[in-house]
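Participant: Predicted coordinates and the sequence they were generated for:
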Amino acid sequence: MDINLKADKAEFIELLRSTGREGVDDLIEYLDEGKNHFFTAPASVNHHLNHDGGLLRHSLNVCHAALKLREMVLAERPELESQLSRASVIIASLLHDICKADIYKPAIKKKKDPNGLWVDVESYNVDYRNFPMGHGEKSAIMALWGGLDITQEELLAIRWHMTAWDLPFQSVEAGKCLNTARDEHPLCSLVQLADGIAANLFEYEDNDLI
């Protein structure tokens with residue numbers, strides 16, 4: 001998947017600003033500051049979009065999928081429009097993984113080439129020491145720290161976007177919270193689905209990379 005950092009960053013900012021939400025510019029500045037590397041970070045180390053700019057591209061892919069899913073859902077269930085506003089879909093989908101902005105550190109790793117020889121390749125190590133708060137919950141907190149005026153529904157969609165993948169290490173209570181959030185707030189299900197579509201289908205070609 002081709003990455004154009006400049007174009008992707010411009011689209012990300014344009015989409016966020018299109019929501020008209022207070023604090024958008026403060027959040028953009030926060031994501032772009034020294035300790036965060038949101039706009040250049042990979043989306044993963046061993047799976048999808050594991051290269052510079054991958055996290056930004058993944059966030060856009062999730063947003064594109066979420067907006068298309070929103071159209072499909074509202075065509076069948078127009079009464080859900082107030083719970084699936086375009087602004088909320090954009091905010092929750094674009095910000096669901098901002099927790100990754102400060103965890104990837106460039107590294108050189110070994111990989112076998114087509115001839116079976118070990119060669120050095122550019123990769124990343126993962127370092128959670130800056131703010132070891134978890135995944136979805138960290139993204140939600142960072143959105144607040146960044147100064148965005150964000151709704152409860154958007155926070156819940158960001159917090160629970162990992163669904164069951166985030167639960168094996170948590171309590172029964174966490175599972176009940178997830179189920180309640182999903183039952184009461186359609187935005188949660190929409191972002192969960194969009195994340196899976198982006199990572200497993202839009203970005204499928206990148207899943208074999210180091």
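Facilitator: Yep, that arrived. Residues are numbered from 1 along each chain as shown.
Participant: Next one, pLDDT for Asp25 please.
Facilitator: Looking at Asp25, its pLDDT reads 97.
Participant: how about the strand or helix carrying it: buried residues?
Facilitator: If you go by DSSP states H and E, Asp25 is part of helix 24-31. Neighbour-count burial for helix 24-31 flags Val24, Leu27, Ile28, Tyr30, Leu31 (criterion: 16 or more other CB atoms under 10 Å). Where C-beta positions appear, they are placed from N, C-alpha and C, glycine not excepted.
Participant: Residues in contact with that helix: which ones?
Facilitator: Helix 24-31 is contacted from outside by 13, 16-17, 36, 38-39, 95, 98, 101, 142-143, 145-148, using CB atoms under 8 Å, 6 or more residues apart in numbering.
Participant: Just to check, Leu69 is in contact with Leu193?
Facilitator: Yes. If you go by CB atoms under 8 Å, Leu69 and Leu193 touch, sitting 6.0 Å apart.
Participant: Could I get the full set of strands for the protein?
Facilitator: Per DSSP state E, the chain carries strands over the ranges 104-112, 118-126.
Participant: Dump the first one to CSV, keeping only the CA atoms.
Facilitator: In other words, strand 104-112. In CSV, the C-alpha atoms belonging to strand 104-112 read as follows (Å, rounded to 0.1, in the frame of the first residue of the first chain):
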residue,chain,number,x,y,z
TYR,A,104,7.3,2.6,18.5
LYS,A,105,11.0,3.1,18.4
PRO,A,106,13.1,2.5,15.2
ALA,A,107,15.3,-0.6,15.4
ILE,A,108,17.4,-2.8,13.2
LYS,A,109,16.3,-6.5,13.2
LYS,A,110,17.4,-9.7,11.4
LYS,A,111,15.3,-11.3,8.6
LYS,A,112,16.0,-14.1,6.2
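Participant: which helices and strands does the helix ranked longest in the chain pack with?
Facilitator: Longest helix in the chain, counting residues (DSSP state H): helix 54-76. For helix 54-76, the elements it packs on are helix 5-18, helix 86-95, helix 186-197, judged by 3 or more CB pairs under 8 Å, 6 or more residues apart in numbering; DSSP states H and E.
Participant: looking at the ones you listed, which is closest to Ala107?
Facilitator: helix 5-18 (20.3 Å; CB to CB).
Participant: what comes up buried for the closest one?
Facilitator: Buried residues in helix 5-18, counted by 16+ other CB under 10 Å: Asp8, Lys9, Glu11, Phe12, Ile13, Leu15, Leu16.
Participant: Nice, that's everything, thank you.
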